[in-house]
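A.B. asks: Curious how this folds, go ahead:
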Amino acid sequence: MNEEEYLKKFKSDEKREVDSKHLEAFKLAVDTRKFEIELYWKRATYFWTFIAVTFAGYGVVYRLPDNEKGFLDFFLACFGLILSLAWYFANRGSKQWQENWEHHVDHLEDKVTGPIYKLVLRRNMPTNALQWIEFFLTGPSRHSVSKINQLISLYVVLLWGLVVWKTQKNWQLCSWSNDDLAILVVTILAAFGVVFGSRTYSGGHSHHVHERDSKIERKSS
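C.D. replies: The predicted structure is shown next:
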C-alpha cells in the first residue's frame, strides 16, 4: 500500500453516511475496549501483589524448624498455586473481552473514522548488518504483551505446583495429618472451581422485579 492508497482509506464518502446509532455503538466499543485494557493491568497488579506476599510468607515459613512449620508451608504453597491459577485464567478471560470489543471496533470503524485500528504501520526491514543488529536488539516486535503476561502466569502456576510437590516428603495420603488432607481437598475443589466453574454465564437473563410500597402518612397533631 502506497501513501495515496493509504489516504484513500480515510477519504470521506457521501454514500457512507453514519447514523447516530452506528456512531454511538462505535464510541461505546472504543471506550469499553480502553476500559477492558485498564482492567486487565489492574487485575495483573492485584494478583502479582497477593502472589508476592504469599511467596514472601512461604520463604519465612521455609526457614522455620520442621517442628514449628506445622501445615503452614503446605497451606501457603497451595494458596500460591490457586492464586496463580486464578491469575492465569483471569488473564485469558480479560483477553477474551478485550478481543470482543476490538472486533466490534474493526466492524464499526470503517463508516466513522476509516480503518485506523485495522491498519498496522510497521517500519521497513533492515538493509545492512548494522541495521539488522539494531533491529534484533531494540527494534519493534510482533510479540503480544498480553500473551507474554499469560505465559508468565502459567510459568508461575507450574512453579507453585513444584513447590507444592516438594513441600510433602511423601505422597502417601494415608500417612498425612488431617490438616494437610483438608488443605489438599480444599485446594483441589478450588482448582476445579477456577478452571470449570468460573466461566461467564451464557444462559438467558430473565429477572423478577419487586417494587417496594412507599407512602407518607400524615401524623396527627
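
A.B. asks: Name the residues of the host helix or strand of K147 that are buried.
C.D. replies: Element membership for K147, per DSSP states H and E: helix 145-167. Neighbour-count burial for helix 145-167, counted by 16 or more other Cβ atoms under 10 Å, picks out 146, 149-150, 152-154, 156-157, 160-161, 163-164, 167. The way it works is simple: take the backbone N, C-alpha and C, and place the C-beta from them, glycine included.

A.B. asks: Just the residues contacting it, thanks.
C.D. replies: 40, 44, 47, 51, 58, 73-74, 77-78, 80-81, 84-85, 87-88, 91-92, 94-95, 98, 171, 187 (Cβ atoms under 8 Å, 6 or more residues apart in numbering).

A.B. asks: the bottom helix or strand of the chain by mean pLDDT?
C.D. replies: When the helices and strands of the chain are compared on mean pLDDT, DSSP states H and E, helix 66-69 comes out lowest with a mean of 77.

A.B. asks: Now tell me what touches that helix from outside.
C.D. replies: V61.

A.B. asks: How about the secondary structure of K219?
C.D. replies: coil (DSSP: H, G, I helix; E, B strand; the rest coil).

A.B. asks: any idea how far L162 is from it?
C.D. replies: From K219 across to L162, the span is 71 Å (Cβ to Cβ, to the nearest Å).

A.B. asks: Next: A90.
C.D. replies: Counting by Cβ to Cβ - A90 and L162 are separated by 22 Å.

A.B. asks: How about S12?
C.D. replies: According to Cβ to Cβ, S12 and L162 sit 59 Å apart.

A.B. asks: Repeat that for V195.
C.D. replies: Using Cβ to Cβ, V195 is found at 19 Å from L162.

A.B. asks: try G139
C.D. replies: 35 Å.

A.B. asks: Backbone torsions only: list them for S177.
C.D. replies: phi -80, psi 160 (degrees, to the nearest 10).

A.B. asks: Can you report how many residues neighbour it?
C.D. replies: Residues near S177, counting by other Cβ atoms under 10 Å, number 11.
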